[in-house]
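Enquirer: Whatever this is, show me its structure:
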Amino acid sequence: MTYIEVLEQARKNMNSLCKGCLVCDGKACRNTMPGPGAKGSGTVAIRNYEAWKDIRLVMDTICDNVPVNTETTLFGHAFKMPVFAGPVGAVNMHYGDAFNDLTYNEILVKACKEAGILAFTGDGVDPQIMVGATQNIKRNDGMGIPTIKPWSNEVIFEKMALAKEAGALAVCMDVDAAGLPFLKGLEPPAGRKSVGDLRQIIEACPVPFIVKGVLSIKGALKAKEAGAQAILVSNHGGRVLDDTPASAEVLEEIVQAVGKEMMVLVDGGIRSGQDVFKALALGADGVVMARPFVNAIYGAKEEGVSLLVDKIHQELMDTMEMCGAATLQEITRDMVR
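Expert: The predicted model follows:
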C-alpha cells in the first residue's frame, strides 16, 4: 500500500466525524467533540498546524555530502528518530468502532517498536484500558510510555504499579486532562495538581516521569520544581481549552527557561518531517504525533504505522540534507526563521 491508500482505507473504517484528510489541519473536523476536533471554536487545532507552517526552513547545501543520521536516545534507549506516537483515548467514540482502546494500543505499541520508535498509550475511565496498555508494553520489552490521567493519588499509584510491572520506559501524566468533562466531580477528587501533589507522585514513580500539558514558562518551571525529568509542551490538541496558544508559539521560550537539565518534547499539529525539523531547531528533544497514527491504524493497522513512520523519516532526512545538518546535534536555530 501507499500512504495515500492508507488514508483512503481509513475513511472507510472511520465514522463521519473524522474525514481522513490528506492534510490533517483541523479544519474539516474543526469543533467536532466527540470526534477528532478541538473544543469551542475549534481554532486551536487549526492554529497548532498553521503555526508550524509559518516557520520557514533555511536551506544550505554548501556542506559535506555525507549521509544524515536521525537516530536519537530517550532515557538511555536508542530510536530511529525523535518522533513518537501520542496517546489517544476513546478511539471507538471519536473515530469509529473498528477499534477500541485495547485493540488500538495493542497494534500501536508493537508496530511502533518494530518501526524503531516508541508509543505513548492513553488512559480512560475503564481500568482495563491501563491494564491492557501496560500488558502490551510488557510484551514489547517495556518499549512504551503509559499516560495516566490526573486522577486521585490513590488511583495514580495503582496505575504506576502497573507501569512498573510492565517495565515501561517512563510514565507520563497529561495534567491538562483536568479540563476533560469525565474528570470533573469525581470522588476522591481528580484534576489539577499542585507542585506538592506532583512531587509526591514523581517521588513514588520508579521510572522517569513526563509532565504533559505544559504551555507556559511558569508551568514548565513548576514541573521542574516537582522533579519531572521531562515535559511535553502541549495544549491537548485544543481539546481542553479554547483560545490557547499553539505549541509552536511557546516552545522556544520554554526550552530556554528550563535549560539543558530537563528533556522537552512537543506535540500539536506536527504532521511532517519538516515540522519535526522545525521543532528540533527551536530546541525540542523530540516530538509526539497522535492523530496521524490513528489514521494509519484505521487504514492499515501495522502496515499503516510502518508507512507513516517511513514517510516522516524520509521527510526529516531530506530536510536535514537540504539544510546542512548531518546529525540531530547539528540542527541549529539559524536553520529556521
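
Enquirer: and Val250, that's in a helix?
Expert: Yes. Assessed by DSSP: H, G, I helix; E, B strand; the rest coil, Val250 belongs to a helix.

Enquirer: Confirm Lys212 sits in a strand?
Expert: Yes. Under three-state DSSP, Lys212 falls within a strand.

Enquirer: Return the residues in contact with it.
Expert: Contacts for Lys212 were tallied using C-beta atoms under 8 Å, 6 or more residues apart in numbering; they are Thr147, Cys172, Met173, Asp174, Val175, Asp176, Ile231, Leu232, Ser234. (Glycine included, C-beta is placed from N, CA and C.)

Enquirer: Report the two members of these separated by the largest distance.
Expert: Within those, Thr147 and Ile231 form the most distant pair, 13.3 Å apart (C-beta to C-beta).

Enquirer: for stretch 1-18, what is the average pLDDT?
Expert: Averaged over stretch 1-18, pLDDT sits at 94.

Enquirer: Could you do stretch 205-222 as well?
Expert: 97.

Enquirer: With just CA atoms, put that stretch into PDB.
Expert: Provided in PDB are the C-alpha atoms of stretch 205-222 (Å, rounded to 0.1, in the frame of the first residue of the first chain):
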ATOM      1  CA  CYS A 205       7.500   6.800  40.400                       C
ATOM      2  CA  PRO A 206      10.100   4.100  39.700                       C
ATOM      3  CA  VAL A 207      11.000   5.400  36.200                       C
ATOM      4  CA  PRO A 208      11.400   8.800  34.600                       C
ATOM      5  CA  PHE A 209       8.300  11.000  34.800                       C
ATOM      6  CA  ILE A 210       7.000  13.200  32.000                       C
ATOM      7  CA  VAL A 211       4.500  16.000  32.600                       C
ATOM      8  CA  LYS A 212       2.300  16.500  29.500                       C
ATOM      9  CA  GLY A 213       0.300  19.600  29.000                       C
ATOM     10  CA  VAL A 214       2.800  22.300  29.800                       C
ATOM     11  CA  LEU A 215       2.100  25.500  27.800                       C
ATOM     12  CA  SER A 216       4.000  28.300  29.700                       C
ATOM     13  CA  ILE A 217       7.300  29.100  31.300                       C
ATOM     14  CA  LYS A 218       5.600  29.200  34.700                       C
ATOM     15  CA  GLY A 219       4.100  25.700  34.200                       C
ATOM     16  CA  ALA A 220       7.400  24.300  32.900                       C
ATOM     17  CA  LEU A 221       9.300  25.600  36.000                       C
ATOM     18  CA  LYS A 222       6.700  24.100  38.300                       C
END
